[in-house]
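> The amino acid sequence is not available; the structure is as follows:
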């Protein structure tokens, strides 16, 4: 068993990646995805013992997500497949428009169809049960959805000494602010969060903002923002999952080098970790699918 551990809760999808030529649709990949699903799988590939926390339904799609997590090397002790769970299918279609430009369309649905995601996150009682019975303290707890059960895990594990990493998709709402309060590291994209006024009042955290082709920047505690340039890749074929490779590589760097205390993180440590993370993310986009690099390395 690896001595590196990470628990993660949040978004788990079944990604269905296809290419469309004219009217012909060809499925390329069908496997676990979602931000948390990708981070758990990528970290497991990197040698970390990962513990996804998920409440999936008992459909064939939900069971495939669980099976895929195991196949990527995750420990599914805290994954359930039950009638009251939820599963979301994310259909990602790569196509070419009439001018020859590459386009990607994304549509979420539940197992029964429709056009809405079908997420069911762990309940507060389940989160408390995990805290009360867990026999180890994870090095890192990652979460990307601010529901109450995830916040209970974040706060409880943080008290035990776990480094808490939150990746929100918006800065609006009390649940988001409460999640930031119980986190040590918060990463977000400038595409989803442009207004940074929500940072006011937080003085002992690391904020990371990704900016696509413009690179990445970070703010450690009360220091000024520091910008790091992007690592270019002229052979990119699919940007899906690049942010998850950034997150996973960054977390793996911190765990591997025992930089697990927000109070001892330095600008140099964060810079080195983010440079490594951007380099890996740049490499990942040379392959189709969010975990195409894993499949290439397994061959």
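Noted; the coordinates are in hand. Worth saying up front: this structure is predicted, and the values here are computed from it rather than measured.
> count of residues packed around residue 116?
Residue neighbour count, defined by other Cβ atoms under 10 Å, stands at 10 for residue 116. From N, CA and C alone the C-beta is placed, and that goes for glycine too.
> which ones are touching it?
108-110 (Cβ atoms under 8 Å, 6 or more residues apart in numbering).
> quick one, helices of this structure?
35-45, 60-71, 124-133, 148-160, 174-181, 242-256, 267-284, 292-298 (DSSP state H).
> and stretch 179-190, how far apart are its ends?
19 Å (Cα to Cα, to the nearest Å).
> mind listing what's buried in that stretch?
179-180, 182-189 (16 or more other Cβ atoms under 10 Å).
> Would you tell me which of the helices of the chain gets closest to residue 90?
helix 35-45 (10.0 Å; Cβ to Cβ).
> Report all helices and strands that that closest one contacts.
strand 5-9, strand 49-56, helix 60-71, strand 140-143, helix 242-256, helix 292-298 (3 or more Cβ pairs under 8 Å, 6 or more residues apart in numbering; DSSP states H and E).
> okay, the ones you listed, which one's buried deepest?
strand 140-143 (a mean of 28; mean count of other Cβ atoms under 10 Å).
> what residues does it touch?
Contacts of strand 140-143 (Cβ under 8 Å, 6+ apart): 5-10, 36, 39-40, 150, 153-154, 157-158, 162-167, 179, 247, 251, 254-255, 260.
> got a list of what the residue nearest to the spatial centre of the chain touches?
Per Cα atoms, centre = their mean, the C-alpha nearest to the average position across the chain is that of residue 35, at 3.2 Å. Counting by Cβ under 8 Å, 6+ apart, residue 35 touches 10-11, 144, 167, 243-244, 247.
> can you do 7 Å?
10-11, 144, 167, 244 (Cβ atoms under 7 Å, 6 or more residues apart in numbering).
> Of those residues, keep whichever come out buried.
10-11, 144, 167, 244.
> for these, which one is nearest residue 122?
Nearest member of these to residue 122, counting by Cβ to Cβ, is residue 10, at 10.0 Å.
> List phi and psi for the closest one.
phi 150, psi -130 (degrees, to the nearest 10).
> Test my guess that it contacts residue 149.
No: checked against Cβ atoms under 7 Å, the pair residue 10 and residue 149 is beyond contact range at 10.5 Å.
> show me where pLDDT drops low in the stretch 1-150 of the chain?
Residue ranges of the stretch 1-150 of the chain with pLDDT under 70: 1-2, 99-100.
> thinking again about what came up before, buried subset of the contacts of residue 116 as a PyMOL selection?
Applying 16+ other Cβ under 10 Å to those, the buried members can be selected in PyMOL as follows:
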select buried, resi 109+110
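> can you list the contacts of residue 116 in TSV and add distance to residue 206?
What follows is the contacts of residue 116, written out as TSV (distance: Cβ to Cβ, whole Å):
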residue	distance to residue 206
108	30
109	36
110	36
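> before we move on, back to that, redo the helices of the chain as a markdown table? Include distance to residue 193.
As requested, the helices of the chain are exported to a markdown table (distance: least, Cβ to Cβ, whole Å):
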| stretch | distance to residue 193 |
| --- | --- |
| helix 35-45 | 14 |
| helix 60-71 | 27 |
| helix 124-133 | 25 |
| helix 148-160 | 18 |
| helix 174-181 | 9 |
| helix 242-256 | 13 |
| helix 267-284 | 18 |
| helix 292-298 | 27 |
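> For residue 196, find the nearest of those.
Once the helices of the chain are compared by Cβ to Cβ, helix 174-181 is nearest, at 12.2 Å.
> How much space separates residue 227 from residue 190?
12 Å (Cβ to Cβ, to the nearest Å).
> how deep is residue 206 tucked in, by neighbour count?
Neighbour tally, residue 206, other Cβ under 10 Å: 20.
> Which pLDDT value belongs to it?
Listed pLDDT for residue 206 reads 98.
> What of residue 198?
Reported pLDDT for residue 198: 87.
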